[in-house]
Each structure stands twice: as structure tokens, then as C-alpha cells.
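Engineer: Quick check, what structure comes out for this input:
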Amino acid sequence: MSNGLVAFFSVAFAACLALAQAPPAGQAQGGPGAGRGRGPQAPPLLMTIPGFADGSMVPTKFTCAAQPAVSPEVRWSQVPPGTQSFILLVHDPEPRPAKGIMDNTHWLIWNIPGTATGLPEGVPAGNTLPDGSHQPPGRGGAPGAYFGPCAGPGPSHHYTWELLAIDTKLDLPESATRPEVMKAADGHVLGAAIWIGLYHR
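Structural biologist: The predicted model follows:
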């Protein structure tokens, strides 16, 4: 991932934290340009996962403890103008040096149509889905699919759902990796939203 996109995620995460403390919709907010005759800024991209609250434990059926795990329903709104597609990344950023894992990808789906307002519960396995979105192949060439949170005993890991709205569709093969997808998205991100679920066995 490029330095630019890494920096973007840092800013996006801070923005999402600030959003939690923002005044209700319709109330004036301060900031650059406030009171200077400029129109209101576009509202930030919003994402919700009805199956569990942001910052709460992920229910068992969405984790590796279920056989098989199913992906949770994901909804989003306030899509930035010009959005052509979405990327959804689910990952565990908690490093596990003993296993050589620094940031574990649990799900990646890209080229979700820009007209979409969410994903249903239980997205099926497959490298290319009927709506044209892609999931990279799994281990051993298995069809791409959601892999639920799976941290072992001990402190809960912070499983992070990151949604990106981008101004293009990515011209990549269905076998593209996470670094390749993120590199292709760099410079095209219009908005981002984050949702965190906790889990340990």
C-alpha cells in the first residue's frame, strides 16, 4: 500500500471517530469555511453492520467458530457524488509476530457497483459475483470468500471493516491481491467508513 493511502486511512479513521461526537444532522458545525458564505460540505460516507454494534463483540455465526461462517449484512449511505464502485476490506490489524502475521486479511471484495447500498448477509463464495464484484481466490486456489474473525484465547482482536468509495472501476484480474487492489485505488478514494468488531475464542 502506498504512503498516500496509508495516510488516507489514518485521516479517515480520525474522521470516523470525530463523526461519533458530531452534532445531529441539521445542526451547524464549525470548521474551515464556516460562516464564510460557503455551502455545507458533503456528508461523510456512513456504514453500519446491523448484526453487531460498532466496537462490540462479533456474534459467533460471523466467526470461524461457525461452520461455515457467514458474512454479516453491511449497509451504507451518504455516498459521495461520482462514486463508481466500492471496496470492502475486512482485516485484523493486530500483529502476531510468532506466526509471521502483521495484518491478516479476512475478506476483500472490490468493484462493488457504485449504485449498491450494501451487501446482504451470507455473500456467496466465488471469484466473480453476479453483480461484477470480485473476491480474490483463497488458499490453494479456492474460490474467494469471507473468512470470519478467528483470534485465539486472550485479548480480543479489533476486526476492522473498511469501506472505500472510489471514482472508478478497477481494471484488475479477479486474482488480484490486496496490495494490488489498494495500489490501484490510490488517488481514486472519494470517501471512507470504518466499523470495528471484537473477537477472541
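
Engineer: what is the mean pLDDT for stretch 143-152?
Structural biologist: When pLDDT is averaged over stretch 143-152, the result is 93.

Engineer: All further residue positions should be reported with the first residue as 34.
Structural biologist: With 34 as the first residue, the last one maps to stretch 176-185.

Engineer: what's next to that stretch, contact-wise?
Structural biologist: By Cβ atoms under 8 Å, 6 or more residues apart in numbering, the residues outside stretch 176-185 that reach it are 91, 95-99, 102-104, 123, 125, 127, 139-142, 156-160, 167-171, 190, 192, 207, 230, 232-234. C-beta here means a position set from N, CA and C on the backbone, and glycine is covered the same way.

Engineer: Ends of it, what's the gap?
Structural biologist: The separation between the terminal residues of stretch 176-185, taken as Cα to Cα, to the nearest Å, is 25 Å.

Engineer: Next: stretch 161-173.
Structural biologist: Start to finish, the residues bounding stretch 161-173 are 17 Å apart (Cα to Cα).

Engineer: got a list of contacts for it?
Structural biologist: The contact list for stretch 161-173, computed with Cβ under 8 Å, 6+ apart, reads 140-146, 149, 156, 158-160, 176-178, 180, 205, 207-211, 214.

Engineer: Narrow the residues you listed to those in helices?
Structural biologist: Arg211, Val214 (DSSP state H).

Engineer: Tell me the buried residues within the contacts of stretch 161-173.
Structural biologist: Neighbour-count burial (16 or more other Cβ atoms under 10 Å) applied to the contacts of stretch 161-173 gives 140-145, 156, 160, 177-178, 180, 205, 207, 209, 211, 214.

Engineer: give me the beta-bridge partners of the residue most central in space within the chain?
Structural biologist: What sits nearest the mean C-alpha location of the chain, by Cα atoms, centre = their mean, is Glu195, with 2.0 Å. Glu195 has these beta-bridge partners by DSSP bridges: Leu122, Ile227.

Engineer: Tell me the spacing between it and Leu141.
Structural biologist: For Glu195, the distance to Leu141 equals 10 Å [Cβ to Cβ, to the nearest Å].

Engineer: what's the overlap in contacts for those two?
Structural biologist: The contact sets of Glu195 and Leu141 overlap at Leu121, Leu122, Val123 (Cβ under 8 Å, 6+ apart).

Engineer: Narrow the residues you listed to just the buried residues.
Structural biologist: Using 16+ other Cβ under 10 Å as the burial test, the shared contacts of Glu195 and Leu141 include Leu121, Leu122, Val123 as buried.

Engineer: Please name the nearest non-neighbouring residue to the first one.
Structural biologist: In other words, Leu121. Ile142 (5.0 Å; Cβ to Cβ, 6 or more residues apart in numbering).

Engineer: for Pro101, what are its contacts?
Structural biologist: Neighbour list for Pro101: empty [criterion: Cβ under 8 Å, 6+ apart].

Engineer: mind listing the strands for the chain?
Structural biologist: 79-81, 89-90, 107-110, 118-125, 137-146, 151-152, 190-199, 222-232 (DSSP state E).
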